[in-house]
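Enquirer: got a sequence here, can you build the structure:
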Amino acid sequence: MIVSASRRTDIPTYYSDWFFNRIKAGYAYVRNPMNFHQVSKISLEPDVVDGFVFWTKNPIPMLHRLDELGDYKYYFQFTVNSYGKDIESNIPSKNDVIIPAFKKLSDRIGPERVIWRYDPILLTERYSIEYHAKYFAEIAKRLAGYTHKCVISFVDFYKNTRANAKELGLLPLGQDEMVEMAKRLSEIADDNNFIMEACAEEMNLEQFGIARAHCIDCNLFESLLGCKLDVGKDKNQRKECGCAASVDIGMYNTCQNGCKYCYANYSANTVAKNTFAHNPDSPLLAGELLSDDVVKIREMKSCRQSQLNMFDE
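Expert: Numbering: from 1, shown residues only. Next up, the predicted model:
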């Protein structure tokens with residue numbers, strides 16, 4: 001199985017101690033987002049986990065512990081946007097902290113295992129198409145050679161996204177704006193030798209050399225593992241999503257990045273409550289097992305078809 005860590009929260013930034021404790025223990029407990037008292041026990045043993053995908057805006061708390069992942073294959077989806085504190089309130093300086101961290105991570109594990117995400121793209125009076133083009137180019141120049149791929153997406157207006165971003169003065173982001181943005185960013189990506197992909201977008205952007213993204217990337221894991229994986233498309237994601245099936249070990253309403261566009265945080269009060277309840281020694285990301293929780297062992301198995309190198313077949 002492939003483990004996502006995590007679409008629901010920034011585990012590398014805020015919960016890396018918990019994660020490495022779970023690696024040592026060989027399992028984690030994950031609450032069902034739709035049924036709080038239904039808990040799954042997820043095996044994290046190396047013979048079951050085919051790889052980890054880490055989603056983060058700041059991997060610094062993990063950098064000195066990557067050697068502890070020697071028994072696993074993994075890569076990072078690393079978001080570096082051009083927004084200021086008005087939108088990404090708790091992200092350190094991109095110039096002084098985040099971009100240097102991106103480079104350091106790339107130097108450690110290789111540019112093919114650090115995917116740059118510039119997403120979600122939204123428009124305001126400040127964050128115009130011209131603004132995005134200018135600062136995307138600046139970031140691209142700094143990251144050139146440190147990654148091979150950039151993934152973009154346009155903001156989706158979920159109920160909580162609208163509530164969190166209502167004070168930002170969002171401007172319409174229609175097909176014309178998305179086409180212009182895609183064209184300009186793809187040209188910049190090409191100038192800096194990046195492949196560009198779009199995450200879960202209905203619009204076909206292949207005319208600009210932008211393929212559909214597979215953020216949980218079976219092909220990349222097959223390359224890292226040296227064998228084929230018998231894994232299908234993730235049926236729990238939107239139909240436009242190209243991701244392979246995975247198991248997520250994160251929890252909603254636990255990310256402290258404070259991003260106004262975030263779909264994973266519904267309530268600042270709940271985030272504060274869950275953060276306070278976090279215990280790095282607990283099998284759960286936030287809190288402890290309750291008397292009325294029902295724990296079920298989720299059936300897990302590796303998707304590896306063979307240990308033989310697929311390139312030797």
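
Enquirer: what's across from the most centrally placed residue in the chain in the sheet?
Expert: A centroid search over the chain (Cα atoms, centre = their mean) returns residue 55, at 2.8 Å, as the residue closest to the centre. With DSSP bridges as the criterion, residue 55 is bridged to residue 77.

Enquirer: so it sits against residue 10, correct?
Expert: Yes: in this structure, residue 55 is within contact of residue 10 by Cβ atoms under 8 Å, at 7.0 Å. C-betas here are computed from N, CA, C, even on glycine.

Enquirer: where do the strands sit along the stretch 1-150 of the chain?
Expert: 2-5, 27-32, 35-43, 51-56, 74-79, 114-121, 149-154 (DSSP state E, counting those that start in this stretch).

Enquirer: residues contacting residue 184?
Expert: Residue 184 makes contact with 129, 132, 133, according to Cβ atoms under 8 Å, 6 or more residues apart in numbering.

Enquirer: pLDDT score assigned to it?
Expert: Model confidence at residue 184, given as pLDDT, is 97.

Enquirer: separation between it and residue 263?
Expert: 25 Å (Cβ to Cβ, to the nearest Å).

Enquirer: now residue 75
Expert: Residue 75 is 22 Å from residue 263, by Cβ to Cβ.

Enquirer: for this protein, what's the longest helix?
Expert: helix 175-191 (DSSP state H).

Enquirer: only C-alpha atoms, please: export that one in CSV.
Expert: Provided in CSV are the C-alpha atoms of helix 175-191 (Å, rounded to 0.1, in the frame of the first residue of the first chain):
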residue,chain,number,x,y,z
GLN,A,175,-12.0,29.7,-18.0
ASP,A,176,-10.4,32.7,-19.7
GLU,A,177,-8.3,33.5,-16.6
MET,A,178,-7.3,29.9,-16.1
VAL,A,179,-6.2,29.5,-19.7
GLU,A,180,-4.1,32.7,-19.6
MET,A,181,-2.5,31.7,-16.3
ALA,A,182,-1.8,28.2,-17.6
LYS,A,183,-0.2,29.5,-20.8
ARG,A,184,2.1,31.9,-19.0
LEU,A,185,3.2,29.6,-16.2
SER,A,186,3.8,26.8,-18.6
GLU,A,187,6.1,29.0,-20.6
ILE,A,188,8.1,29.9,-17.5
ALA,A,189,8.2,26.2,-16.5
ASP,A,190,9.6,25.3,-19.9
ASP,A,191,12.2,28.1,-19.6
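
Enquirer: just checking, which helix or strand of the protein averages the lowest pLDDT?
Expert: Comparing helices and strands within the chain by mean pLDDT, DSSP states H and E singles out helix 159-165 as the least confident, with a mean of 69.

Enquirer: could you list every residue that touches the residue nearest to residue 118 when sequence neighbours are not counted?
Expert: Closest residue in space to residue 118, ignoring its immediate chain neighbours: residue 152 at 5.2 Å, by Cβ to Cβ, 6 or more residues apart in numbering. If a contact means Cβ under 8 Å, 6+ apart, then residue 152 has 117, 118, 119, 121, 182, 185, 196, 197, 198, 199, 210 as its contacts.
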